[in-house]
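K.L.:
got a predicted structure here, sequence first:
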Amino acid sequence: MPDNETVEVKIARIDENVKHIKKELGCIRNDCDTKMGDHKDSLNDHENRIRDNEKFKNRGYGALGIIGAILTVVTVVVGWIIMS
């Protein structure tokens, strides 16, 4: 390396940045904890939504079964009328 070549040196303040980021994460965590504390039943709410969705699906399947049974009866009756 020649004597007249300039060397650029950059010094980072990693410690200060890490402390700042840790502080922000702590604030976010505390804020999240207080929000979750406000919604104590969030897990139960999620489970209730899943159960409601299952009930809705089961009602839909039940309705499709009834419609299928009605169409079968109508088809049999119409077929019997046509055949006789």
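P.N.:
All right, it came through fine.

K.L.:
tell me where the model's unsure across this protein.
P.N.:
Scanning the chain for pLDDT under 70 picks out the ranges 1-2, 10-17, 32-44, 46.

K.L.:
ok, longest helix in it?
P.N.:
Longest helix in the chain, counting residues (DSSP state H): helix 42-83.

K.L.:
elements contacting that helix?
P.N.:
Helices and strands in packing contact with helix 42-83 are not found; criterion 3 or more C-beta pairs under 8 Å, 6 or more residues apart in numbering; DSSP states H and E. Where C-beta positions appear, they are placed from N, C-alpha and C, glycine not excepted.

K.L.:
off-centre distance for that helix?
P.N.:
27 Å (C-alpha atoms, centre = their mean, to the nearest Å).

K.L.:
next: stretch 74-84.
P.N.:
On C-alpha atoms, centre = their mean, the centre of stretch 74-84 falls 50 Å from that of its chain.

K.L.:
restricting to C-alpha, output that stretch in CSV.
P.N.:
C-alpha atoms of stretch 74-84 as CSV (Å, rounded to 0.1, in the frame of the first residue of the first chain):
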residue,chain,number,x,y,z
VAL,A,74,-89.8,-36.2,-7.4
THR,A,75,-87.8,-38.1,-10.0
VAL,A,76,-89.3,-41.4,-8.9
VAL,A,77,-92.9,-40.0,-8.9
VAL,A,78,-92.5,-38.4,-12.3
GLY,A,79,-90.9,-41.6,-13.7
TRP,A,80,-93.8,-43.7,-12.2
ILE,A,81,-96.4,-41.3,-13.8
ILE,A,82,-94.7,-41.5,-17.2
MET,A,83,-94.4,-45.2,-17.1
SER,A,84,-98.0,-45.8,-16.2
